[in-house]
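Engineer: need a 3D model of the sequence below.
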Amino acid sequence: MAKVLIVEDSVQIREAVTDFFADRSKGALTVESAASGEEGMRAVSCNDYDIVILDIMLPGPSGYMICKRLREKSDCPIIFLTSLGTEDNILKGYEMGADEYIVKPFSLMILYTKCLVLLDRMGKKDKERVLASGDIRLYPSRMQVFAGEEEIDLACKEYFLLKALLENKGHVLSRQQLLDLVWGVDYFGSDRVVDTHIKNIRHKLGRSGDQIKTIRGGGYKAV
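Structural biologist: The predicted structure follows:
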């Protein structure tokens, strides 16, 4: 089962895409939706999706901004679905990291087919990818974490912190780098929030938490 997010302020388009995908895929594709830039930002910050469909002109942060935020933490396929059809807009979309750019009005069948092609491509490239350190195993496609045989229940930010460390195993990530990756570049709170979350992760991992090392004056790394 693949999880799709559509960020679109038109309720008609959200409902049409959700219904069409559910019907054509016989439940193999589940669609979540967000009606504004703020909702879209929250969704991509706290969840992993197999594919994301973005309008550009949204209430609040634009689709471009959501795309930028998503690309800071994920290589999942992104499709822009927008009425902005000029060459400059299309080129900007691809420069921001989009995999496809579809101009409204659009065909539901073409959108659906492009999603299937991108999902198939990612599946072949990323099939059951596992991030590991010691006996810690993180499965991005399922958002599951194990320490040995025990599944670990992590909060949203804890999961993405651990994922960032495992993706950069052996390399030190500063608190600021972790803030940018997990909280976003527009976060202006204390960087000590990272320390609190790392402490919680270590506690939940038990003895496996020793795989996350504190680098004095530097930050953290997974070994």
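
Engineer: report how many residues lie close to residue 161.
Structural biologist: The tally of other residues near residue 161 (other CB atoms under 10 Å) stands at 25. Glycine gets a C-beta too; all of them are placed from N, C-alpha and C.

Engineer: now do the contacts for it.
Structural biologist: Residues near residue 161 by CB atoms under 8 Å, 6 or more residues apart in numbering: 178, 182, 194, 197, 198, 201.

Engineer: in which helix or strand would I find the fifth one?
Structural biologist: With secondary structure defined by DSSP states H and E, residue 198 is part of helix 192-205.

Engineer: show me what that helix is packed up against.
Structural biologist: Counting contacts by 3 or more CB pairs under 8 Å, 6 or more residues apart in numbering; DSSP states H and E, helix 192-205 packs against helix 156-167, helix 175-178, strand 212-215.

Engineer: and it, what's buried?
Structural biologist: 193, 194, 197, 198, 200, 201, 202, 204, 205 (16 or more other CB atoms under 10 Å).

Engineer: report the central residue of the protein.
Structural biologist: In the chain, the centroid-proximal residue (CA atoms, centre = their mean) is residue 48; its distance is 4.3 Å.

Engineer: wait, doesn't it sit right on residue 139?
Structural biologist: No: the pair residue 48 / residue 139 is not scored as a contact, 10.0 Å apart, by CB atoms under 8 Å.

Engineer: low-scoring stretches of the chain, by residue?
Structural biologist: 123-128, 185 (pLDDT under 70).

Engineer: in which helix or strand does residue 105 reside?
Structural biologist: Counting by DSSP H and E, there is no helix or strand that carries residue 105.

Engineer: can you count the residues close to it?
Structural biologist: When neighbours are defined as other CB under 10 Å, residue 105 has 6 of them.

Engineer: that older thread, mind checking the helices and strands packed on helix 192-205 for the one nearest to residue 81?
Structural biologist: For these, proximity to residue 81 was assessed by CB to CB; helix 156-167 is nearest, at 25.7 Å.

Engineer: which of the residues in the closest one are buried?
Structural biologist: 157, 158, 159, 160, 161, 162, 163, 164, 165, 166.

Engineer: which among the residues you listed gets closest to residue 133?
Structural biologist: Nearest to residue 133 among the buried residues of helix 156-167: residue 166, at 5.7 Å, using CB to CB.

Engineer: shouldn't the closest one be in contact with residue 130?
Structural biologist: No: Residue 166 lies out of contact with residue 130 (CB under 8 Å); the separation is 9.4 Å.
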